[in-house]
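Novice: what follows is a predicted structure for the sequence shown.
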Amino acid sequence: METKRLPYRIDRLPVILPFHRRAMNDLNTGDLVYYGPCPEFYGIGEILKVVDRFCIVDFRGTGEYGIHKDAFETKYLIPIHKLNLSHLLKNV
């Protein structure tokens, strides 16, 4: 299987497991997030809708799996802005 070249340096984002205290986030519609346990699988996405403790996220195919929309429990999603991680995504 051929490895997909990602448009961002997603591999530099920190892995944050769902039981870690940094995984407890207040997420809102429009937030940019990534899948904490394995960032490169899904890539970076935008929250489209929040219902209770679940979010609908549009990843626009930015990850290795090429997934566009999926639903996650909030403890699996890490916001880019909260951890100020945008500098990690830029090409060096």
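Specialist: Yep, that arrived.

Novice: in this structure, which spans are helices?
Specialist: Ranges of helices within the chain are 39-42, 86-89, based on DSSP state H.

Novice: ranking these by mean pLDDT, which is last?
Specialist: Here the helices of the chain differ in mean pLDDT, and the lowest is helix 86-89 at a mean of 60.

Novice: got a list of what the residue most central in space within the chain touches?
Specialist: Residue closest to the mean C-alpha point of the chain, counted by C-alpha atoms, centre = their mean, is residue 34 at 0.7 Å. Listed by C-beta atoms under 8 Å, 6 or more residues apart in numbering, the contact set of residue 34 reads 10, 13, 42-45, 77-78, 80. For glycine as for every other residue, the C-beta is placed from the backbone atoms N, C-alpha and C.

Novice: bridging residues for it?
Specialist: In this entry, residue 34 is beta-bridged to residue 44, residue 78, by DSSP bridges.

Novice: where in the protein is pLDDT low?
Specialist: 1-8, 82-92 (pLDDT under 70).

Novice: in it, which spans are strands?
Specialist: 32-35, 44-51, 54-58, 69-73, 77-79 (DSSP state E).

Novice: coming back round to it: tell me which two of the contacts of residue 34 sit farthest apart.
Specialist: Using C-beta to C-beta, the pair of those lying farthest apart is 10 and 77, separated by 14.2 Å.
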